[in-house]
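>>> got a predicted structure here, sequence first:
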Amino acid sequence: MTERGSETERDTDRHAVGGIDTLLRLRRKVDLAEIAAQTAERPRRALLRGLPDLRYRPWVRRATLAAPDPDAIALALATARVYAFATADYPGAAVSLVFDSDGGTAVGAFVLDPTAGTSPVTAFTLTGGVYQILSVPGSTASIATCINGGGIIAGVYADLSGDAHGFVDNGGVFSTVDFPGATATQVIGVNNAGQIVGDYIDAAGTEHGFLGSGGAFTPIDFPGASGTAAAGINANGDVVGIWSDATTSHGFLLQDGVFTPIDFPVSTTTSTFGINDGGEIAGFYTDAAGVTHGFVYTGGAFSIVDVTGARSTQLTRIKNDGMITGVFTDGLTAQHGLTGQ
């Protein structure tokens with residue numbers, strides 16, 4: 001299925017994907033199987049912060065889509081960018097998300113039956129039109145968050161006790177990644193040199209980003225932030241991610257040791273998630289009406305990227321050839337993985 005999108009879109013669920021209020025604040029134990037669980041009265045958070053929300057929302061009952069948010073474009077603060085989109089839905093799954101692609105293989109996660117407590121979130125790969133489950137040893141649930149040009153896949157899994165760990169899959173050889181002393185760890189991004197970034201929670205319950213390189217770990221903390229998650233890293237070692245203050249969330253770029261905050265104009269939250277070697281950044285933001293939109297940020301300018309007719313769009317990566325990945329929510333509130341060019 002292929003779609004072309006240039007319009008902004010609305011997510012009609014106030015708790016829908018996008019923005020910091022849809023991302024979990026890390027805790028000692030993370031049951032990724034809870035992604036499949038929901039209640040109409042009190043939706044539950046299931047992912048570590050830094051990852052888009054995979055929860056299915058059958059309780060949303062809005063009859064129409066909202067008109068495009070005009071603010072950023074009307075104020076000449078952003079432009080619209082047009083992509084040809086293709087959906088990526090794991091066969092039979094009610095919820096799918098694509099986090100990344102190396103051009104030949106896409107990686108992500110799916111949930112078959114969000115209403116069943118026995119249907120956990122599961123990592124998958126998509127190569128040449130063939131979907132395969134990525135079986136992470138010792139896991140009860142898993143998410144593949146990234147893949148580099150050498151085919152190294154990384155992500156996060158939950159063990160039998162519900163503790164969250166990062167993982168790296170190098171040609172079928174799996175390694176667990178735990179930040180020293182952390183109570184929960186996830187890997188979110190990997191570059192072609194094999195450097196990884198992600199986030200972890202310390203014993204005091206505080207969230208930090210990290211860089212892993214050659215077996216050594218370095219914390220990443222935006223100055224003055226109450227929490228930080230590192231989400232993407234390019235070949236130059238530039239890192240993007242999300243930081244939070246007392247009221248909201250913001251994106252950031254860490255380049256040559258210098259942090260730069262990134263906030264989409266007239267947004268309430270901003271998440272920067274992926275960065276390519278040319279410095280183009282992909283992410284998503286929430287506007288004043290609570291609508292989630294994808295964006296690409298390059299040369300100091302923002303472009304809005306939304307799937308036409310969808311209720312929300314999030315971008316997770318932008319590759320060197322301009323390909324993007326992410327997730328969108330359709331008019332019936334089903335969530336689909338996407339790739340775009």
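Perfect, thanks for sending it. Residues are numbered from 1 along each chain as shown.
>>> would you confirm that residue 178 contacts residue 165?
Yes. When contacts are counted by Cβ atoms under 8 Å, residue 178 is listed as touching residue 165 (5.6 Å). Backbone N, C-alpha and C define where each C-beta goes, glycine included.
>>> looking at these two, which is more packed in?
residue 165 (24 against 16; other Cβ atoms under 10 Å).
>>> residues contacting that one?
Going by Cβ atoms under 8 Å, 6 or more residues apart in numbering, residue 165 touches 156, 157, 158, 159, 176, 177, 178, 184, 185, 186.
>>> can you list contacts of stretch 220-227?
For stretch 220-227, the external contacting residues (Cβ under 8 Å, 6+ apart) are 25-26, 49, 197, 206-211, 228, 230, 239, 241, 243-246, 252, 254, 259, 261.
>>> let's go with 7 Å and repeat that
Residues outside stretch 220-227 that contact it (Cβ atoms under 7 Å, 6 or more residues apart in numbering) are 25, 49, 206-211, 228, 230, 239, 243-246, 252, 254, 259.
>>> state the number of residues packed around residue 237.
Residues lying near residue 237 (other Cβ under 10 Å) number 16.
>>> now do the contacts for it.
So residue 237 contacts nothing (Cβ under 7 Å, 6+ apart).
>>> checking my notes, it in a strand, right?
No. Assigned with DSSP: H, G, I helix; E, B strand; the rest coil, residue 237 falls outside any strand and is coil.
>>> and it, how close does it get to residue 193?
8 Å (Cβ to Cβ, to the nearest Å).
>>> cool, residue 136 as well?
Plainly put, residue 136 is 23 Å away from residue 193 if you go by Cβ to Cβ.
>>> between those two, which one's more packed in?
Shown here are residue 136 and residue 193; by other Cβ under 10 Å, residue 136 has more neighbours (24 against 16).
>>> one step back: out of the contacts of residue 165, list just those in strands.
156, 157, 158, 176, 177, 184, 185, 186 (DSSP state E).
>>> pretty sure residue 141 sits against residue 160.
No. Counting by Cβ atoms under 7 Å, residue 141 stays clear of residue 160, with 10.6 Å between them.
>>> what is the neighbour count of residue 160?
8.
>>> residue 121 versus the closest residue to it other than its chain neighbours, what's the distance?
In space, and not counting its chain neighbours, residue 160 is closest to residue 140: 6.0 Å by Cβ to Cβ, 6 or more residues apart in numbering. Residue 140 is 10 Å from residue 121, where distance means Cβ to Cβ.
>>> returning to what we had before: name the residues contacting each of residue 178 and residue 165.
residue 185.
>>> residue ranges with poor pLDDT in the stretch 1-150 of the chain?
1-78, 80 (pLDDT under 70).
>>> let's see it at 80
1-83, 114-118 (pLDDT under 80).
>>> cool, and the stretch 201-341 of the chain?
Along the stretch 201-341 of the chain, the model assigns pLDDT under 80 to residues 332-333.
>>> and residue 192, its phi and psi?
phi -70, psi -20 (degrees, to the nearest 10).
>>> so who does it touch?
148, 149, 150, 235.
>>> which stretches of the stretch 151-300 of the chain form strands?
For the stretch 151-300 of the chain, the strands defined by DSSP state E, counting those that start in this stretch cover 153-158, 164-170, 173-177, 184-190, 196-201, 207-213, 216-220, 227-233, 239-244, 249-255, 258-262, 267-275, 281-287, 292-298.
>>> will you turn those into JSON lines that also has distance to residue 339?
Shown next, in JSON lines, are these (distance: least, Cβ to Cβ, whole Å):
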{"stretch": "strand 153-158", "distance to residue 339": "16"}
{"stretch": "strand 164-170", "distance to residue 339": "20"}
{"stretch": "strand 173-177", "distance to residue 339": "25"}
{"stretch": "strand 184-190", "distance to residue 339": "17"}
{"stretch": "strand 196-201", "distance to residue 339": "22"}
{"stretch": "strand 207-213", "distance to residue 339": "26"}
{"stretch": "strand 216-220", "distance to residue 339": "28"}
{"stretch": "strand 227-233", "distance to residue 339": "17"}
{"stretch": "strand 239-244", "distance to residue 339": "20"}
{"stretch": "strand 249-255", "distance to residue 339": "22"}
{"stretch": "strand 258-262", "distance to residue 339": "23"}
{"stretch": "strand 267-275", "distance to residue 339": "13"}
{"stretch": "strand 281-287", "distance to residue 339": "12"}
{"stretch": "strand 292-298", "distance to residue 339": "12"}
